[in-house]
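Visitor: generate a structure from the sequence data that follows.
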Amino acid sequence: HYVRLLAQVSADPGRRLDTLQLLEVEEREARFAAWRGPSMPLNGDVPGLFEAQARATPDAIALQGPEGCWSYAELNAHANRLAHRLIGAGFGTGDRVVLCFRRGFEQIAAALASLKAGVCYVPLDPSYPAERMRYVLEDSRAALALTHGGLLADADLPVWRLDELRDWREGEVPADPQQVIDPSQPAYMIYTSGSTGRPKGVVVGHAAMLNHSLSVRDGYALTTKDRVLQFSSFSFDVAIEEIFPTLIAGAALVSYDDARGLEIPAFEAYLDAHAVTVANLPTAYWHLWTHALDAHPGRGLPCLRLVVVGGEAPNFDAYHRWRAHRSAPRWINAYGPTETTVSATWWDGTDVLLEALPSRCVPIGAPVANSALYVLDETLEPVPVGVVGELYIAGTNLAQGYWGRPELTAQAFLPNPHARASGSRMYRTGDLVRQTSTGALDYVGRADHQVKVRGFR
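Guide: Numbering: from 1, shown residues only. Down below sits the predicted model:
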């Protein structure tokens with residue numbers, strides 16, 4: 001390519017600048033094309049897709065767990081009653097509603113009701129320390145809290161205790177609310193851990209939520225035959241990935257029984273008893289499970305077809321041992337900050353040859369639909385293959401920003417200099433990655449753990 005370029009420049013020195021610019025554009029386009037996710041149309045919204053599924057399969061099991069079972073028709077009826085109650089009380093776009101429940105059917109119905117009513121829901125785990133709970137209640141400036149008796153005794157805002165509201169479980173079943181959901185409306189707000197300061201409320205819009213739910217439904221091949229485990233805390237964004245793609249796919253959501261504890265034998269017995277087909281687990285817990293499988297190599301779960309891990313980088317040796325078990329199902333490593341709507345990339349490591357991973361790292365994979373990945377240096381220019389750079393993520397899956405913290409939002413969500421469309425943004429993850437010669441993207445570590453001496457890393 002460069003030899004041909006030199007020949008052109010020699011023949012016509014006046015074309016030198018245009019040719020070099022053209023080469024730069026071609027090189028940049030080629031480099032970025034490999035990191036764009038597939039294009040996918042976005043029609044409707046998550047609550048609307050759930051309502052369509054409830055009409056299509058009203059008698060199918062939507063929720064199952066220690067509380068029994070709810071069909072799609074029952075779940076939709078409960079959510080509709082509560083949504084109409086919210087709308088009738090004047091809550092709507094621009095309002096935030098805190099949802100504080102123990103794991104169970106109520107939190108799912110309350111989340112759907114909030115989405116149907118057009119309010120932004122804020123999940124709050126009742127097991128959090130009292131100081132953190134007070135902070136979320138105050139910082140979110142929520143207009144209302146939906147909860148269960150005994151969980152929010154001293155909240156300084158209006159509280160509806162669903163165990164005391166008989167009309168949301170019984171009586172006439174109202175029609176689906178006819179609220180117009182704008183794609184830019186906030187759908188939910190999840191507070192990050194706050195490991196680098198005060199917890200931050202990450203606001204995710206309906207378009208990003210829809211993009212993620214459809215991507216997961218299709219990427220995990222969810223169907224009406226699946227039974228998906230609801231394992232994560234409601235205040236952890238992976239719960240979004242467990243709940244809503246399942247419900248728009250017409251599958252059954254199986255709530256884990258917290259009374260069983262987290263010992264691996266009890267966990268496996270629960271999955272087996274409820275014929276769970278898909279489990280989305282924190283990486284640390286999956287490591288424990290892999291270690292337990294090493295001690296009992298013949299043990300298996302015949303119904304389980306897919307395990308997704310995320311939250312931190314999986315250990316390569318654990319991945320190797322997992323692959324050695326004949327009963328191991330399909331396995332996906334999911335990566336993504338809360339700011340990119342749960343999962344931004346997936347890597348399916350089910351049948352990959354270990355020899356294809358010379359770095360002995362488990363890759364983070366390719367971008368989800370309608371998104372793009374950039375590996376950039378400090379000047380926001382792409383780095384070559386094999387060189388460590390910081391990962392930036394762009395696309396429909398980006399959150400809207402941090403609630404009430406515009407300066408922090410401006411620091412993390414930057415104008416995208418590599419996008420064709422004006423107004424495009426990209427999120428600075430703070431994660432260091434490296435593209436290998438095999439095309440994989442390896443996670444290296446955090447950018448803020450680096451030390452520089454006279455310009456050298």
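Visitor: now do the SS call for Arg141.
Guide: coil (DSSP: H, G, I helix; E, B strand; the rest coil).
Visitor: distance of the spatially closest residue to it that is not a sequence neighbour from Pro406?
Guide: Sequence neighbours aside, Arg96 is the residue nearest to Arg141 in space, at 6.8 Å (criterion: CB to CB, 6 or more residues apart in numbering). Yep, even glycine has a C-beta here, placed from its N, CA and C like the rest. Distance, Arg96 to Pro406, using CB to CB, to the nearest Å: 17 Å.
Visitor: how about Cys361?
Guide: 36 Å.
Visitor: so between the two, which is more surrounded?
Guide: Cys361 (20 against 10; other CB atoms under 10 Å).
Visitor: so for that one, what's the pLDDT?
Guide: With respect to pLDDT, Cys361 scores 93.
Visitor: and the helices in the stretch 1-150 of the chain?
Guide: Listed in chain order, the helices of the stretch 1-150 of the chain (DSSP state H, counting those that start in this stretch) span 2-11, 16-33, 46-56, 72-88, 105-117, 130-139.
Visitor: lowest-scoring secondary structure element of the chain by mean pLDDT?
Guide: helix 16-33 (a mean of 54; mean pLDDT, DSSP states H and E).
Visitor: residues contacting Phe236?
Guide: Ile190 (CB atoms under 8 Å, 6 or more residues apart in numbering).
Visitor: state the helix or strand in which it lies.
Guide: Assigned by DSSP states H and E, Phe236 belongs to no helix or strand.
Visitor: ok, so what distance separates it from Lys116?
Guide: 23 Å.
Visitor: by contact count, what packs against the longest strand along the chain?
Guide: Longest strand in the chain, counting residues (DSSP state E): strand 425-435. Based on contacts counted as 3 or more CB pairs under 8 Å, 6 or more residues apart in numbering; DSSP states H and E, the elements that strand 425-435 packs against are strand 371-376, strand 388-395, helix 406-412, strand 413-415, strand 441-446.
Visitor: so that strand versus strand 441-446, what angle?
Guide: In terms of direction (axes from the mean of the first three to the mean of the last three CA atoms, to 10 degrees), strand 425-435 departs from strand 441-446 by 100 degrees.
Visitor: and strand 425-435, how far out from the chain middle?
Guide: The chain centroid and the centroid of strand 425-435 are separated by 16 Å under CA atoms, centre = their mean, to the nearest Å.
Visitor: how big is the angle separating that strand from strand 371-376?
Guide: Using the same axes, to 10 degrees: strand 425-435 against strand 371-376 is 60 degrees.
Visitor: which other residues reach strand 425-435?
Guide: Contacts to strand 425-435, defined as CB under 8 Å, 6+ apart, come from residues 337, 339-340, 359, 364, 374-375, 385-394, 398-399, 411-416, 418-419, 441-448, 450.
Visitor: strand partners (parallel or antiparallel) of that strand?
Guide: strand 388-395 (antiparallel), strand 413-415 (antiparallel), strand 441-446 (antiparallel) (DSSP bridges).
Visitor: so which of those strands is the most packed in?
Guide: strand 388-395 (a mean of 23; mean count of other CB atoms under 10 Å).
Visitor: output it as CSV, nothing but the C-alphas.
Guide: Only the C-alpha atoms of strand 388-395 are listed here, as CSV (Å, rounded to 0.1, in the frame of the first residue of the first chain):
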residue,chain,number,x,y,z
VAL,A,388,-2.4,-1.3,25.8
GLY,A,389,-5.0,1.4,25.6
GLU,A,390,-8.0,2.6,27.5
LEU,A,391,-11.4,1.3,26.5
TYR,A,392,-14.1,3.7,25.4
ILE,A,393,-17.7,2.6,24.6
ALA,A,394,-20.2,4.4,22.4
GLY,A,395,-23.7,3.8,21.1
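Visitor: give me the mean pLDDT for that strand.
Guide: 96.
Visitor: so after it, what's the next helix or strand?
Guide: strand 401-402.
Visitor: packing partners of that next one?
Guide: Using 3+ CB pairs under 8 Å, 6+ apart, strand 401-402 is in contact with strand 201-205, helix 406-412.
Visitor: circling back to that earlier point, okay, the longest strand of the chain in PDB with CA atoms only?
Guide: Backbone C-alpha positions of strand 425-435 (Å, rounded to 0.1, in the frame of the first residue of the first chain) are rendered in PDB as follows:
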ATOM      1  CA  ARG A 425     -20.800  10.400  22.900                       C
ATOM      2  CA  MET A 426     -18.400   7.800  24.300                       C
ATOM      3  CA  TYR A 427     -18.000   6.600  27.800                       C
ATOM      4  CA  ARG A 428     -14.500   6.500  29.300                       C
ATOM      5  CA  THR A 429     -14.400   3.200  31.200                       C
ATOM      6  CA  GLY A 430     -11.000   3.600  33.000                       C
ATOM      7  CA  ASP A 431     -10.300   0.000  32.000                       C
ATOM      8  CA  LEU A 432      -7.100  -0.900  30.100                       C
ATOM      9  CA  VAL A 433      -7.300  -3.500  27.300                       C
ATOM     10  CA  ARG A 434      -5.200  -4.800  24.600                       C
ATOM     11  CA  GLN A 435      -6.100  -6.300  21.200                       C
END
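Visitor: which parts of it count as buried, going by neighbours?
Guide: Arg425, Met426, Tyr427, Arg428, Thr429, Asp431, Leu432, Val433, Arg434, Gln435 (16 or more other CB atoms under 10 Å).
Visitor: check contacts around Gln179.
Guide: Counting by CB under 8 Å, 6+ apart, Gln179 makes contact with Ile87, Gly92, Lys116, Ala117, Gly118.
Visitor: pick the one among those closest to Gly219.
Guide: Nearest to Gly219 among those: Lys116, at 25.6 Å, using CB to CB.
Visitor: tally of neighbours for Val180?
Guide: Neighbour tally, Val180, other CB under 10 Å: 8.
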